[in-house]
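K.L.:
Structural data only, the sequence is not supplied:
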């Protein structure tokens, strides 16, 4: 009941502002994989790795059933997954360590800036977090008492996680390391992992060629390790100090356990290796599945040094980075769409500058992408969602069009028309 209550409170806190405009990635998700003719499109379309196939499919089901791809409808699934993740952590931790630690862990998870942001956008990260936590809870339950229902549940949530985002594989790799260290890898576990691998990767069969063709290359991110650590620990300095202290105490108390040393070494090596391999797309949100573990470790550590009340300081401070713009449009795509539709209704031609043609289709179709100033002549209206994306063309548009209008958002944009 405590877990259910925590989930409901989290959902209630995340829902306000759910009608705000889609951000860049959410716009691409809705336009390219959700608001399409076929339910199979999520399994055969890809745009710069923006497709989270299983999540896009679930959102397509929502769109097909409701007939709506509005911002608040599309945000229901990720918010539900984020809330369920918090509820599951509170319930599972409370069952093992008591309600105080369960609530402390849930509060630290629900207020983590990365978790809040990803859980309130139309992306699959909150589903990866939920699947990773659910699979881990089921792992421990299966260790204590194996059952057919738990085994099916483990395979199901693990498959959904892998089919949503390939970084879920790191969760399963940790499961393998955990059981291997304890000498408990059995034929049953090998079968489960084989089924998860086959089913989870099957959804990428129609995408692998597109993903390989993308060829994003390498870009070294010198600050990635610091950014990841900061995002996992709450980002705000005081919150980072409190949460970090709790995690450090817990890790120190587990230093004699072989399983803890193995997992710590494994994940540290993975993060450093990824940092050195330097894929262009390497973001802290890819590790959202680890935030519940960080929150739990902090809660246990703070309780062991008899300072659990510090969560009353850490949680609100960790939430601070998320408060700014909590219900504000990230881009002008939503508010610009009616202007574009009005021009199109009168037979006019609409054009997009820079990212406009990637973000506007979530709300309006038929916007042509232009890259040269001589193309402006056949555009009755042009939209610059992010004017800094193509400043030269924006400057040319400001000279060509007799009218322009700034539209407000976290990233203000421009309308040009004649």
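P.N.:
Here it is on my side, so go on. A quick note: this is a predicted structure, and the numbers were derived from the prediction, not measured.

K.L.:
which parts of the helix or strand encompassing residue 161 are buried?
P.N.:
If you go by DSSP states H and E, residue 161 is part of helix 148-164. Going by neighbour count (16 or more other C-beta atoms under 10 Å), the buried part of helix 148-164 is 150-151, 153-164. In short, each C-beta sits where N, CA and C put it, glycine included.

K.L.:
Show me what the lengthiest helix in the chain is packed up against.
P.N.:
Using DSSP state H, we find that the single longest helix of the chain is helix 76-97. In terms of contacts (3 or more C-beta pairs under 8 Å, 6 or more residues apart in numbering; DSSP states H and E), helix 76-97 is packed against helix 2-14, helix 53-66, helix 99-110, helix 113-119, helix 125-144, helix 291-304.

K.L.:
Select, out of the ones you listed, the one closest to residue 211.
P.N.:
helix 53-66 (10.8 Å; C-beta to C-beta).

K.L.:
Can you give the contact residues for the closest one?
P.N.:
29-30, 33-36, 39, 41-43, 69, 73-74, 76-78, 122-124, 127, 160, 163-164, 203-204, 207 (C-beta atoms under 8 Å, 6 or more residues apart in numbering).

K.L.:
among those residues, which ones are buried?
P.N.:
Here, 16+ other C-beta under 10 Å leaves 29-30, 33-36, 41-43, 69, 73-74, 76-78, 122-124, 127, 160, 163-164, 203-204, 207 buried among these.

K.L.:
coming back round to it: is it possible to get CSV of the helices and strands packed on helix 76-97 that adds distance to residue 317 and mean pLDDT?
P.N.:
As requested, the helices and strands packed on helix 76-97 are exported to CSV (distance: least, C-beta to C-beta, whole Å; pLDDT from 0 to 100):
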stretch, distance to residue 317, mean pLDDT
helix 2-14, 16, 97
helix 53-66, 30, 96
helix 99-110, 11, 96
helix 113-119, 10, 96
helix 125-144, 21, 97
helix 291-304, 13, 97
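
K.L.:
Dump those helices into TSV; add distance to residue 242 as well.
P.N.:
Shown next, in TSV, are those (distance: least, C-beta to C-beta, whole Å):
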stretch	distance to residue 242
helix 2-14	20
helix 53-66	33
helix 99-110	9
helix 113-119	15
helix 125-144	22
helix 291-304	7
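
K.L.:
shouldn't residue 214 be in contact with residue 48?
P.N.:
Yes - with contact defined as C-beta atoms under 8 Å, residue 214 reaches residue 48; the gap is 6.1 Å.

K.L.:
Now do the end-to-end distance for stretch 60-78.
P.N.:
13 Å (C-alpha to C-alpha, to the nearest Å).

K.L.:
from the chain's centre, how far out does that stretch sit?
P.N.:
Centroid separation for stretch 60-78 versus its chain: 17 Å, with C-alpha atoms, centre = their mean, to the nearest Å.

K.L.:
looking at this protein, which helix or strand does the model trust least?
P.N.:
One helix or strand of the chain scores below all others by mean pLDDT, DSSP states H and E: helix 208-214, with a mean of 83.

K.L.:
Distance of residue 106 relative to residue 268?
P.N.:
26 Å (C-beta to C-beta, to the nearest Å).

K.L.:
between these two, which one's more packed in?
P.N.:
residue 106 (32 against 10; other C-beta atoms under 10 Å).

K.L.:
confidence score at the nearest residue to that one once chain neighbours are set aside?
P.N.:
In space, and not counting its chain neighbours, residue 106 is closest to residue 90: 3.7 Å by C-beta to C-beta, 6 or more residues apart in numbering. Listed pLDDT for residue 90 reads 98.

K.L.:
What of the one 3 residues further on?
P.N.:
The per-residue pLDDT reported for residue 93 equals 97.

K.L.:
so it makes contact with residue 101?
P.N.:
Yes - applying C-beta under 8 Å as the test, residue 93 and residue 101 come out as touching, 5.6 Å apart.

K.L.:
I'd like the distance between the most centrally placed residue in the chain and residue 293.
P.N.:
The centroid of the chain falls nearest to residue 125 when counting by C-alpha atoms, centre = their mean (2.9 Å). Applying C-beta to C-beta, the value for residue 125 to residue 293 is 15 Å.

K.L.:
before we move on, what about residue 29?
P.N.:
From residue 29 to residue 293 the distance is 27 Å (C-beta to C-beta).

K.L.:
So what touches the strand or helix carrying residue 25?
P.N.:
Using DSSP H and E, residue 25 falls within helix 24-28. Residues from elsewhere that reach helix 24-28 (C-beta under 8 Å, 6+ apart): 47, 50, 74, 121-123, 330-331, 333, 355, 358-362.
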